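Asks: What follows is a predicted protein model with its sequence.
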Amino acid sequence: MTVKIRPVNLQDLEAVSLVEMACFPEAEAATKTSFEQRIKTFPDSFFVAELEGKIVGFINGSVINGKVIYDDLFHNTELHIPEGNYQTIFGLDVMPEHRRKGIAEMLMTHLIETARNAGRYGLVLTCKEHLLPYYEKFGFVNLGVSDSTHGGAIWYDMILEFDN
């Protein structure tokens with residue numbers, strides 16, 4: 001199995017949208033319009049995973065100066081700060097039939113290294129409680145229950161800070 005991690009482009013819009021719909025409930029899933037704006041606004045922090053030429057996963061997020069994600073970030077790409085301090089992770093998606101093969105880890109490792117190479121202070125994300133141990137294995141620290149009410153779910157703020 002050879003997985004290729006590469007930057008997203010607008011031709012990937014349909015495939016990325018299909019992956020998102022397979023990974024998140026409708027209330028939490030980003031829309032195709034939202035993905036189009038993200039691709040145009042922060043392509044430097046939006047990567048896809050290809051397996052045999054087909055997109056099977058992706059990771060994306062804007063850059064901010066704060067240490068936690070707030071809900072407006074998911075919908076307003078104008079809040080992206082290209083030279084900001086922290087890389088956010090809005091979504092780490094892998095098609096269900098391709099999970100547990102290391103693809104999510106490859107995407108996460110790629111974005112962590114991209115953020116480190118860009119001089120960021122670290123990465124921030126929100127996740128559901130059952131995913132806390134997964135992100136902790138990358139060095140993320142749980143900051144507790146988030147103020148986010150995205151999709152009506154309970155989220156936890158997590159941060160990975162680099163030793164700069």
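Replies: Received it, and whenever you're ready, just let me know what you need.

Asks: Need the single longest helix in the protein, by residues.
Replies: When secondary structure is assigned using DSSP state H, the longest helix within the chain turns out to be helix 103-117.

Asks: Tell me which strands the helix or strand following it pairs with, and in which orientation.
Replies: Where DSSP states H and E defines the elements, the next helix or strand beyond helix 103-117 is strand 122-127. Paired with strand 122-127 in the same sheet, following DSSP bridges, are strand 86-89 (parallel), strand 156-161 (antiparallel).

Asks: would you turn those strands into a markdown table with distance to Phe47, mean pLDDT and mean neighbour count?
Replies: Placement of C-beta: from N, CA and C, glycine included. Converted to a markdown table, the strands paired with strand 122-127 look like this (distance: least, CB to CB, whole Å; pLDDT from 0 to 100; neighbours: other CB atoms under 10 Å):
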| stretch | distance to Phe47 | mean pLDDT | mean neighbour count |
| --- | --- | --- | --- |
| strand 86-89 | 11 | 98 | 25 |
| strand 156-161 | 17 | 97 | 20 |
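
Asks: now the strands: where do they sit in this protein?
Replies: With DSSP state E as the criterion, the chain has strands at 3-7, 46-51, 54-60, 63-64, 86-89, 91-94, 122-127, 141-145, 156-161.

Asks: which parts of the longest helix of the chain are buried?
Replies: Buried residues in helix 103-117, defined by neighbour count with 16 or more other CB atoms under 10 Å: 103-104, 106-108, 111-112, 114-116.

Asks: right, and out of those, which lies closest to Asn60?
Replies: Leu111 (8.5 Å; CB to CB).

Asks: Compare the strands of the chain and report which one is nearest to Ala22.
Replies: Ranking the strands of the chain by distance to Ala22, with CB to CB as the measure, places strand 91-94 first at 7.8 Å.

Asks: That closest one pairs with which strands, parallel or anti?
Replies: strand 54-60 (antiparallel).

Asks: Next, the angle from the partner strand to helix 103-117.
Replies: For strand 54-60 and helix 103-117, the angle between their directions (axes from the mean of the first three to the mean of the last three CA atoms, to 10 degrees) works out to 40 degrees.

Asks: Only C-alpha atoms, please: export strand 54-60 in PDB.
Replies: The C-alpha trace of strand 54-60 is given here as PDB (Å, rounded to 0.1, in the frame of the first residue of the first chain):
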ATOM      1  CA  LYS A  54      -8.000   8.000  -5.200                       C
ATOM      2  CA  ILE A  55      -8.400  10.500  -2.300                       C
ATOM      3  CA  VAL A  56      -9.100   8.400   0.800                       C
ATOM      4  CA  GLY A  57      -8.400  11.000   3.500                       C
ATOM      5  CA  PHE A  58      -7.300  14.600   4.300                       C
ATOM      6  CA  ILE A  59      -6.300  17.000   7.000                       C
ATOM      7  CA  ASN A  60      -6.900  20.700   7.100                       C
END
